[in-house]
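[1] The sequence and its predicted three-dimensional model are supplied below.
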Amino acid sequence: MSWRQRQRGNGTLLGLGLVLVAIMAIGLGLLITSWVVVQHRAESTADLTALAVAQQAADWVDQTEACQAGAIVARQNGGVLDQCEVVRAGDEVAVKVSVSVRLTRPLPGLPAQASATSYAGNPPPD
């Protein structure tokens with residue numbers, strides 16, 4: 001058997017291997033991109049929630065009602081309000097919220113949700 005006959009099909013196998021590597025790289029890139037998008041969505045939801053709570057708290061609504069308004073905003077943006085804290089000092093209001101957003105199709109071994117914390121208002125004087 002000549003050298004040429006022994007090498008038949010190697011180019012095809014090499015090409016298939018390169019296609020497989022490319023498909024895996026694209027899949028990994030899509031996975032990372034989807035995770036980044038969900039993290040940005042969690043950050044945006046946390047920002048909107050903090051602003052909603054701060055607006056309610058600035059109108060002299062008690063903390064429970066302000067946090068309930070924040071929970072509604074978080075839910076409308078696909079998230080869940082995990083923590084809500086309102087601090088008053090005279091006319092100043094400071095708000096800290098934590099929000100989590102679940103991935104629509106979590107993969108085994110990877111986190112099923114993205115979390116973010118946001119602040120609104122002026123910090124109270126020490």
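    Right, received. Where do you want to start? Numbers count the residues shown, from 1 in each chain.
[2] Number of residues surrounding V80?
    Neighbourhood size, V80 [other C-beta atoms under 10 Å]: 15. All C-beta atoms are positioned from the backbone trio N, CA, C, and that covers glycine.
[3] remind me, longest helix of the protein?
    In the chain, assigned by DSSP state H, the helix with the most residues is helix 10-58.
[4] Can you spell out which helices and strands pack onto it?
    helix 63-76, strand 80-89, strand 92-102, strand 113-121 (3 or more C-beta pairs under 8 Å, 6 or more residues apart in numbering; DSSP states H and E).
[5] Out of the ones you listed, indicate the one that is most buried.
    strand 92-102 (a mean of 22; mean count of other C-beta atoms under 10 Å).
[6] hmm, back to that, show me how far the longest helix of the chain is from its chain's centre.
    9 Å (C-alpha atoms, centre = their mean, to the nearest Å).
[7] nearest residue to the residue nearest in space to the middle of the chain other than its sequence neighbours?
    The centroid of the chain falls nearest to Q39 when counting by C-alpha atoms, centre = their mean (2.1 Å). In this structure, Q39 finds its nearest non-sequential neighbour in A114, 4.5 Å apart by C-beta to C-beta, 6 or more residues apart in numbering.
[8] Quick check: pLDDT value at the one you found.
    Listed pLDDT for A114 reads 90.
[9] wouldn't it be in contact with V38 here?
    Yes - in terms of C-beta atoms under 8 Å, A114 counts as a neighbour of V38; the distance is 4.6 Å.
[10] anything in contact with each of those two?
    Common neighbours of A114 and V38, counting by C-beta atoms under 8 Å, 6 or more residues apart in numbering, are 101, 103.
[11] hang on, the earlier thing: out of the helices and strands packed on helix 10-58, which comes closest to T12?
    strand 113-121 (42.4 Å; C-beta to C-beta).
[12] lowest-confidence helix or strand of this protein?
    helix 3-6 (a mean of 65; mean pLDDT, DSSP states H and E).
[13] Nearest spatial neighbour of L107, chain-adjacent residues omitted?
    Spatially, and ignoring its direct neighbours in sequence, L107 is nearest to L31 (7.2 Å; C-beta to C-beta, 6+ apart).
[14] What is the burial count for the one you found?
    If you count neighbours by other C-beta under 10 Å, L31 ends up with 12.
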